[in-house]
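[1] Fold the stuff below for me.
(2 chains)
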Amino acid sequence: MGTITEIKDYMPEHPFFKGLDPDLIEFLAGCARNVHFKEGEILFREGDKADTFYVIRKGRVAIQVHNPAGGGMIFDTADAGDVVGWTWLVPPYKWVFDASASEETSAVAFDGECLRGKCEADPAVGYALMNRVMLVMYDRLQAARMRLLDLYGTVGS
Amino acid sequence: MTSTVSRSGAVAADPMVPRTFTLLSTHADTRDTFTLELEPTDGVRLEFRAGQFTMLSAFGIGEVPISISGSPIEDGPLIHTIRSVGGVSNAIVTSAPGTQLGVRGPFGTSWDVTDAKGGDVVIITGGIGLAPLRPAILELLAERDQYNRVVLLYGARTPEDILFGDEMRKWADRLGMTVEVTVDNGPHGWKGRVGFVTQLISRASFDPAQTIALVCGPEVMMRASANELRQRGVPAGKIRLSMERNMKCGIGLCGHCQLREHFICADGPILTYEVLAPLMQKWEL
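    Alright, predicted model coming up:
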């Protein structure tokens, strides 16, 4: 497990935290720990308590849904520089999808309850964090909309 | 007819009369996409520039515009990669070796990668859009040392729909190209990336001020890619898109492929985003 110092040194390099006030980064680092997953290892499963926010440092995470007819479908992946999970922000705080490591993966895992507590205690922290999360959600929503169009499957494309 | 010849680069005596080519072989790339090798019956190689297309016909059935996917700088058969989506394209891809097909052209503008020398080249493509870019990629890789970073960002519907997969691995492993592939949906166990191709642009390594971008795919995808490139700081004049319209004559006469003042068959198919941006956002065009 990495130390808080290692984590707070790394955090400003990650795109999610880039440009964030160093004091705020230090403040948030108090909720974080380093985690590692072997290939195929599960990060979380649908229905489990959503209590973690993952900042991917290395590797790849597949976000998928179990489909009894087809054995599962991966609808998104997160690589180094990405983040996984915003369900820790949304009641009832339960994962709605599965996530597993597609390859050896390292991440910084933030305790969701701890982060929520800091956001509640200081709205400025909450606003800064929500801005970052919103950008991630916006990017994923746009990409999901594009994929919904099934552009490569359309005749004439 | 002289102006037509200079605009398209075609050398045929009469661009409306097809030359006959013999189908040598057909290779299934994916479940609906096939690469055909064709040999001219008169023995005269069809000279073309990367990005140009021909009007390919199955005699008695019809004619369709198809981009050339072979190398413009190496000898060999004329190569077309075709997605079977309709009566004519299906007739072409199911033709038996030895069948004679009609070829008019080549027509249209080219990717013209030579002015990217010394700088970076970013290629963004999706689906069968990789086929019209393959000649440009082969041209770039033949003179790899003349360019700085060469990046290919490719999106496909599923892993089974990935075109030229083995070749992309070769380009990455042996020829110094950065290749990033993503699919819209991945089956359980897929180890690659899942997401839309535009998501690869923000993390790709290139110098926006020294970059030529080549983009080919469905128009919505090209527009989104061009906007993402603009956000990264690539000038609109350095973003080249390959447009698709209802090409018929191939020489800018019939007007079927008109996009306001442009005839896509002759002024295009490759145009800069500087020219296309105001046109692509108009529903009526």
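
[2] drop to CA atoms for contacts and neighbour counts, all remaining ones
    Will do.

[3] Might you enumerate the residues of the stretch 101-250 of chain B proximal to chain A?
    Within the stretch 101-250 of chain B, the positions near chain A by Cα under 8 Å from any Cα of the partner chain are B:126-128, B:156-157, B:184-196, B:198-199, B:217-221.

[4] Buried ones among the residues you listed?
    The neighbour count (16 or more other Cα atoms under 10 Å in any protein chain shown) marks B:126-128, B:156-157, B:184-188, B:190-196, B:198-199, B:217-219, B:221 as buried among those.

[5] Which helix or strand in the chain has the lowest average pLDDT?
    As the question left the chain open, I've gone with chain A. Least confident element among the helices and strands of chain A, by mean pLDDT, DSSP states H and E: helix A:4-10 (a mean of 78).

[6] Contacts for that one, please.
    Helix A:4-10 is contacted by residues A:25-26, A:29-30, A:32-34, A:108 when judged by Cα atoms under 8 Å, 6 or more residues apart in numbering or on different chains.

[7] Format those residues as TSV; extra columns: distance to residue B:232.
    TSV is the format used below for the contacts of helix A:4-10 (distance: Cα to Cα, whole Å):
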residue	distance to residue B:232
A:25	26
A:26	30
A:29	30
A:30	34
A:32	31
A:33	33
A:34	31
A:108	28
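
[8] Chain B: which of the residues you listed is nearest?
    Nearest to chain B, judged by Cα to the nearest Cα, of the contacts of helix A:4-10 is residue A:108 at 19.8 Å.

[9] For the nearest residue to that closest one once chain neighbours are set aside, which three-state class applies?
    Excluding its sequence neighbours, the residue lying closest to residue A:108 (Cα to Cα, 6 or more residues apart in numbering or on different chains) is residue A:34, at 4.6 Å. Using DSSP: H, G, I helix; E, B strand; the rest coil, the structure places residue A:34 in strand.

[10] Residue A:34 is in contact with residue A:111, isn't it?
    No - the pair residue A:34 / residue A:111 is not scored as a contact, 11.2 Å apart, by Cα atoms under 8 Å.

[11] Those two: which is more packed in?
    residue A:111 (21 against 18; other Cα atoms under 10 Å in any protein chain shown).

[12] burial of the residue nearest to the more buried one when sequence neighbours are not counted, as a residue count?
    Nearest residue to residue A:111 in three dimensions, chain neighbours excluded: residue A:52, at 5.0 Å (Cα to Cα, 6+ apart). The tally of other residues near residue A:52 (other Cα under 10 Å) stands at 26.

[13] Confirm for me that residue A:52 is in contact with residue A:108.
    No - with contact defined as Cα under 8 Å, residue A:52 does not count as touching residue A:108 (9.8 Å).

[14] before we move on, the earlier item: so which of the residues of the stretch 101-250 of chain B next to chain A belong to helices?
    Among these, the subset assigned to helices under DSSP state H consists of B:219-221.

[15] and the residue of the stretch 1-150 of chain B nearest chain A?
    Closest point on the stretch 1-150 of chain B to chain A, by Cα to the nearest Cα, is residue B:127, at 5.2 Å.

[16] Report the contact partners of that residue.
    Residue B:127 makes contacts with A:152, A:157, B:154-157, B:161-163, B:217, as judged by Cα under 8 Å, 6+ apart.

[17] Among these, which one has the most neighbours?
    residue B:155 (32 neighbours).

[18] Read off the pLDDT value for that residue.
    Listed pLDDT for residue B:155 reads 97.
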